[in-house]
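Novice: predicted model and sequence below, questions to follow.
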Protein chains: 2
Amino acid sequence: MPSPRRKVLEVLQGSTVTPPPIWLMRQAGRYLPEYRETRKQAGSFLQLCYSPDLATEVTLQPIRRYGFDAAILFSDILVIPDGLDRNVHFIEGSGPRMEPIDEEGIFSLSPEKVLPHLKPVMQAVEQIRARLPDETTLLGFCGAPWTVATYMIAGHGTSDQAPARLFGYRHPKAFAHLLAVLADLSADYLVAQIDAGADAVQIFDSWAGVLGETEFEEYAIKPVARIIRSVKERRPQAKIIAFAKGAGMNLRHYRQKTGADMIGLDWSVPLSFAADLQKDGPVQGNLDPMRVVAGGLALDDGIDAILQVLGQGPLVFNLGHGITPEANPDHVTQLVNRVRGIAHGA
Amino acid sequence: MPSPRRKVLEVLQGSTVTPPPIWLMRQAGRYLPEYRETRKQAGSFLQLCYSPDLATEVTLQPIRRYGFDAAILFSDILVIPDGLDRNVHFIEGSGPRMEPIDEEGIFSLSPEKVLPHLKPVMQAVEQIRARLPDETTLLGFCGAPWTVATYMIAGHGTSDQAPARLFGYRHPKAFAHLLAVLADLSADYLVAQIDAGADAVQIFDSWAGVLGETEFEEYAIKPVARIIRSVKERRPQAKIIAFAKGAGMNLRHYRQKTGADMIGLDWSVPLSFAADLQKDGPVQGNLDPMRVVAGGLALDDGIDAILQVLGQGPLVFNLGHGITPEANPDHVTQLVNRVRGIAHGA
């Protein structure tokens, strides 16, 4: 049973917690020297994700160093296409690669293989929860179907996901099928993470911002709504964060239409609009990760602006996107202390 | 004196023209076989931009083929950094490269060299106007200071312009100086294009969407407002289009704060919001360029939605970003005919 002292969970339940709890997207990552050490013990990046012991270790590292209010399972949104035999691999400095999928491939996917393939992830979740301080919320996650599909179609990352947009226009039925398969798999995966000990889960739609109006509805809202409905039918107490990067004014209806308990805000969301969104429920975000790299006044000013506008309502302090490898770990200390009202240098 | 029959100019002056005039961003480009032929005659891409005869030829090609209502000068937003001795060059398939600039470099730029360096561009504008049908509006253009600065700082394109965002946080004074230098140069450059025969000009801020709230104000709005004020002080009749890609809800104030006569809308702008923006003045956009690649129903549906919602007000039909090399030229015929209400196959 989740403890009532798990602050991120309290905010997810609608409470205002002061000062706001804090965690950072990609907090277990390359900016930490201890992460880079552990990373060396795994051959490939996916082996790190699939080793329960190593995944547990890197998940816990930022909690030990900073005492964040939430830990997030160390994994990757592309473990689902990997489970679908898309031959996923990561090339240092140039991102993920996999076999691009076509119409025929979409209609012959074998979703039943995926959950068994992801058993080591659930084992990591169990281990993490067992070793995490009781007051720390444990978050599981998955990629949103649209974002996962962009990589499956193109076979790699692109600047505006033109290949997946084009595929959706050319093959609407196959693309709808792919999104539905991914949504159903993602729901099963999130339920399994919750059963293994995750207190709440986040759905990452990193590429929601490149969609036109109709496609945002079809590709970003509907599949995420399908996931959330499916998870909540089976686990009515489950709390879900949805982060649609670049969704901008579409966020006005995103929470309501998807059923998300909290919405994540990227750094381009104006604070006055964020305050409007907060009237409908908890929000999470939205510091520009480059402010953490810069440190100093740029960091302090960015933090203060968010606390001033959003600090009186239900807020989980976070970045507007993942922390980057070049961020100085001392700047993260500065960030955590300032959010918690601890004097500089203390 | 511009003829009153130049329809794009009429819309820029606030009139509703039915059917709406049409041109496409990057309409002179690699999707056209005649462009690829002419391209071979220039050694480098910049030599193509700096050859008045070749630049004239490629500018006119899409007018001959499709009878677009506007021609846009064939050039590149990076001719200004090139004039600033940043050693700009283009690598086939991987975009522009230049020498990254630092604080010291910013404070020792030589802006006085740029306009003389760009004389061949003005010669191209004169030649194009002389050879263009009288009813075709001729557009000049420049890059917005923020977008040009992102390339100058990083030395190449990036997916989210993190280097320039970081530089702005770390060196606010130097970055403000760079934006001011670029704004003043851009204003001079646009005035020179207008004097050479451009009927109107467009300012391209392709990377406005990666900015936080404060930075959108400082980097995207203020420098463009500075350009427009400067151009209009000197050429009060000048008409100016501003295209801030990814600006989303910031577009609500963008027109008023920059003084732009028409705003360009990328394909992510919902049509209901576009209709709101059109109440304040003319809009241009916003078909997803991938619909032109797809053709067929996806293209027709996208066109019809725009015409239905925006066709009764001041509209210049355009794409939401540049047409891509893989677009089929026959799909552009389909597009132009449908916008003009000419039956398919006619």
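Specialist: Cool, got the structure.
Novice: A:Leu84 against A:Leu109, yeah?
Specialist: Yes: the pair A:Leu84 / A:Leu109 is scored as a contact, 5.5 Å apart, by C-beta atoms under 8 Å. Heads up, the C-betas are built off the backbone N, CA and C, glycines and all.
Novice: what's the per-residue pLDDT of the closest residue to A:Phe216 other than its chain neighbours here?
Specialist: For A:Phe216, ignoring the flanking residues on the chain, the nearest one in space by C-beta to C-beta, 6 or more residues apart in numbering or on different chains is A:Asn250 at 5.3 Å. Note for A:Asn250: predicted pLDDT of 97.
Novice: A:Leu84 and A:Leu109: who's more crowded?
Specialist: More neighbours surround A:Leu84 than the other of A:Leu84 and A:Leu109, with 24 against 20 (other C-beta atoms under 10 Å in any protein chain shown).
Novice: what's the distance between that one and B:Ala220?
Specialist: Separation of A:Leu84 from B:Ala220 (C-beta to C-beta, to the nearest Å): 41 Å.
Novice: which positions in the stretch 201-346 of chain A make contact with chain B?
Specialist: Applying C-beta under 8 Å from any C-beta of the partner chain, we find that the stretch 201-346 of chain A lies next to chain B at A:209-214, A:216, A:246, A:248-250, A:267-271, A:273, A:288-291, A:293-294, A:298, A:302, A:305, A:320, A:324.
Novice: tell me which of those fall in helices.
Specialist: Of these, the ones assigned to helices by DSSP state H are A:213-214, A:271, A:273, A:289-291, A:293-294, A:298, A:302, A:305.
Novice: PyMOL command for the buried members of the residues you listed?
Specialist: Remark: buried members of those, expressed as a PyMOL selection using 16 or more other C-beta atoms under 10 Å in any protein chain shown:
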select buried, chain A and resi 213+271+273+289+290+291+293+294+298+302+305
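Novice: so what's A:Gly209 up against?
Specialist: By C-beta atoms under 8 Å, 6 or more residues apart in numbering or on different chains, the residues touching A:Gly209 are A:244-248, A:266, B:209, B:246, B:268.
Novice: what does A:Phe317 give?
Specialist: A:19-22, A:284, A:287, A:306-307, A:339.
Novice: ditto for A:Arg65
Specialist: Counted by C-beta under 8 Å, 6+ apart, A:Arg65 has contacts A:32, A:34, A:329.
Novice: if I pick the first one, what's in contact with it?
Specialist: Each residue near A:Leu32 by C-beta under 8 Å, 6+ apart is listed here: A:61-62, A:65, A:329.
Novice: can you tell me the closest non-neighbouring residue to A:Gln27?
Specialist: A:Pro62 is the one closest to A:Gln27 (C-beta to C-beta, 6+ apart), at 4.2 Å.
Novice: tell me which of the contacts of A:Leu32 fall in helices.
Specialist: A:61-62, A:65, A:329.
Novice: would you reformat those residues as a markdown table and include pLDDT?
Specialist: Below are the ones in helices among the contacts of A:Leu32 laid out as a markdown table (pLDDT from 0 to 100):
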| residue | pLDDT |
| --- | --- |
| A:Gln61 | 98 |
| A:Pro62 | 98 |
| A:Arg65 | 98 |
| A:Pro329 | 98 |
